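Undergrad: Quick one: sequence and predicted model below, then my questions.
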Amino acid sequence: MADGWAAVAALFAGGSLLEACGAAFGLVYVILAVRESRWCWLYAFASTALYFGVFAQARLYMQAGLQLYFLAVAAYGWVAWKGDKGNRPVVLGRLGTNVAALAGLWVLAEGSARLLAVETHSAAPLLDALSTWASVYATGLQARKYRENWLWWIVIDLLIAGLCLRQGLYLTTLLYGVFVGLAVLGWRSWRPIQAAA
């Protein structure tokens, strides 16, 4: 038992206070999002503001830039989800739209990765770019309450967990592992009342 606690302590010892606070706010954000609580967007705003610094320090530049987009989406989500669960129903998008989005995201990621590889010392250009562009898309789906956002997040969170593990961001790796489980819960709990037009 003592060995288990020592391993957990070692996991957190390398992390910064900035990372710990960002992770805590991020965890609360996803839990509240699963519950469809409008308050999730305030926690999202706080978490992403902190993670801008975390990812910049880790040389994951696309992830750092993504945090600026997340700040804007958090503000949009706060307005769009006005009245908590009452105003915006959960909908299900079309498969063709998501397949087309995936193809477009891959093209964006390839181009961004080439630019990152030439212009920066990015730690993992392709995974950084792909997870970033996919996050942009999935966050838009979440803010508009498309149920499939959770399927996107399962894959994205696994990619980001791998990136963070490579960069020694162990607390954030653990956080994204938890996010995968929460995304599964989100998929199961968000029931669409209609298909998207």
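TA: Great, that's in hand.

Undergrad: pLDDT averaged over stretch 95-114 - what is it?
TA: For stretch 95-114, mean pLDDT rounds to 89.

Undergrad: how far out from the middle of the chain is that stretch?
TA: Computed by CA atoms, centre = their mean, to the nearest Å, the chain-centroid distance of stretch 95-114 equals 17 Å.

Undergrad: How about residues contacting that stretch?
TA: If you take CB atoms under 8 Å, 6 or more residues apart in numbering as the criterion, stretch 95-114 is touched by 62, 125-126, 128-130, 132-134, 137, 148, 152, 196. C-beta: built from backbone N, CA, C; applies to glycine.

Undergrad: Run through the strands of this protein in chain order.
TA: Secondary structure of the chain by DSSP state E: the strands cover 91-92, 194-195.

Undergrad: For stretch 152-159, what is the distance to the chain centroid?
TA: Per CA atoms, centre = their mean, the centroid offset for stretch 152-159 relative to its chain is 8 Å.

Undergrad: Mind listing what's buried along that stretch?
TA: Using 16 or more other CB atoms under 10 Å as the test for burial, stretch 152-159 gives W152, W153, I154, V155, I156, D157, L159.

Undergrad: hey, which helix is longest across this structure?
TA: For the chain, the longest helix by residue count, based on DSSP state H, is helix 95-119.

Undergrad: Can you point out the buried residues in that helix?
TA: Here helix 95-119 shows N98, A101, L105, L108, A109, S112, A113, L116 as buried, counting by 16+ other CB under 10 Å.

Undergrad: again with stretch 166-180
TA: Those would be Q167, L169, Y170, L171, T172, T173, L174, L175, Y176, V178, F179, V180, for stretch 166-180 by 16+ other CB under 10 Å.

Undergrad: from the residues you listed, which ones fall inside helices?
TA: The members of the buried residues of stretch 166-180 that map onto helices under DSSP H are Y170, L171, T172, T173, L174, L175, Y176, V178, F179, V180.

Undergrad: how much space between the second one and Y51?
TA: Spelled out, it's L171. Using CB to CB, to the nearest Å, one gets 11 Å for the distance from L171 to Y51.

Undergrad: shared neighbours, the two?
TA: With CB under 8 Å, 6+ apart as the test, L171 and Y51 both reach E19.

Undergrad: Among the contacts of stretch 95-114, name the buried ones.
TA: Among the contacts of stretch 95-114, the ones that count as buried by 16+ other CB under 10 Å are M62, P125, L126, D128, A129, L130, T132, W133, A134, Y137, E148, W152.

Undergrad: all helices of the chain, in order?
TA: 2-13, 17-34, 40-57, 61-80, 95-119, 125-143, 149-166, 170-189.
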